[in-house]
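>>> fold the stuff below for me.
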Amino acid sequence: MPGGRLTQQERQQIALGVADGLAYAEIARRLDRPTSTITREVMRNGGPAGYRADLAHRATEHRAHRRKQATPRGPQASPQAHGRDPEAVRAYEETFTTLLMASGLPKMMARVLTCLYTTDAGSLTASELVQRLQVSPASISKAIAFLESQGLVRRERDERRRERYIVDDDVWYQSMIASARSTAQLAETARQGVGILGPDTPAATRLENIARFVDFVSESITRAADQAREILYTKAEPTSGGTATPSSDRG
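Here you go, the predicted model:
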């Protein structure tokens, strides 16, 4: 499988594939590239509706040039915590951001959320986010306001009276429960159509089957989320051999 950056010819093939409505996995197969590479390339360069090979290639070269100018060389480079590989961390952050964008989050909101999730403390100040993401304070403020409205982050003041933005362990549980409620509402709406269209008609049978299916999925999501909630509070504890084992600090 080839590695390295995408070539301009490969980007042209991606643009053609997107225009033809091909799945990212199919485009990746034709180029012998990972699907994540294609997904990340399209989502960070205009998305399916706005991807253009020439603009994507130019933007990538510009980003590479900026990184080259901004990255300290030799002994001046700041070390990563826990001996992490800075390049591997950066690549992972891009992948996680792309995944959040594919789920519907705008790019800046996805970048901020990724930054918070991949920070050991799980919280950062506005100035720390500005420094890490190299964007304006206004961009951070707008992103935080959106994420807060969605219940994905919260804010509190630290001992120095600075506002810190925090990702809570419970966010994913609340997100799953909200999804289950939305799914249950779909089942209720489908059943309303049964009475309107007539219980013995093919259309009503189809809607009733949809409602039964959605009910099952919604109940399964809720039950699984409740059963697995404690996993979100599991902390890593070092063992005598130097490895970590999960444990929960709740109840």
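>>> so Ser179 makes contact with Ser220?
No: checked against C-beta atoms under 8 Å, the pair Ser179 and Ser220 is beyond contact range at 11.7 Å. For every residue, glycine as well, the C-beta is placed using N, CA and C.
>>> how close does the residue of the chain most remote from its centre sit to Glu208?
Here the centre of the chain is the reference, and by C-alpha atoms, centre = their mean the most remote residue is Asp200, at 43.8 Å. Per C-beta to C-beta, to the nearest Å, Asp200 is found 11 Å from Glu208.
>>> report the rounded mean pLDDT for stretch 43-61.
Averaged across stretch 43-61, the pLDDT comes to 82.
>>> please work out which residues outside that stretch touch it.
5-6, 8, 11-12, 14-15, 18, 41-42, 94, 97-98, 101-102, 107 (C-beta atoms under 8 Å, 6 or more residues apart in numbering).
>>> which of the residues you listed sits closest to Asp215?
Ala102 (27.5 Å; C-beta to C-beta).
>>> what sits closest to Leu152 if chain neighbours are left out?
Val171 (5.8 Å; C-beta to C-beta, 6 or more residues apart in numbering).
>>> I'd say the one you found and Gln150 touch.
No: using C-beta under 8 Å, Val171 is not in contact with Gln150; the gap is 9.4 Å.
>>> who's more crowded, these two?
Remark: of Val171 and Gln150, Val171 carries more neighbours, 19 against 13, as counted by other C-beta atoms under 10 Å.
>>> where are the low-confidence patches of the stretch 51-200 of the chain?
63-80 (pLDDT under 70).
>>> more neighbours: Ser179 and Ser220, which one.
Higher neighbour count among Ser179 and Ser220: Ser179, with 15 against 12, using other C-beta under 10 Å.
>>> skipping adjacent residues, who's closest to the more buried one in space?
Among residues not flanking Ser179 along the chain, Ile221 sits closest, at 6.5 Å (C-beta to C-beta, 6+ apart).
>>> contact partners for the one you found?
Here Ile221 is in contact with 176, 179-180, 183 (C-beta under 8 Å, 6+ apart).
>>> so Arg164 is in which element?
Counting by DSSP states H and E, the element that carries Arg164 is strand 163-166.
>>> check Leu124 too.
If you go by DSSP H and E, Leu124 is part of strand 123-125.
>>> from Val42, how far off is the residue nearest to Ala15 when sequence neighbours are not counted?
Among residues not flanking Ala15 along the chain, Ala53 sits closest, at 4.2 Å (C-beta to C-beta, 6+ apart). Per C-beta to C-beta, Ala53 is found 11 Å from Val42.
>>> what touches both of those two?
Taking C-beta under 8 Å, 6+ apart as the contact rule, Ala53 and Val42 both touch Ile14.
>>> circling back: the residue farthest from the centre of the chain and Ala187: what is the separation?
20 Å.
>>> just the strands in the stretch 151-251 of the chain please.
154-157, 163-166, 234-238, 244-248 (DSSP state E, counting those that start in this stretch).
>>> distance of Arg161 from Ile210?
Applying C-beta to C-beta to Arg161 and Ile210 gives a distance of 53 Å.
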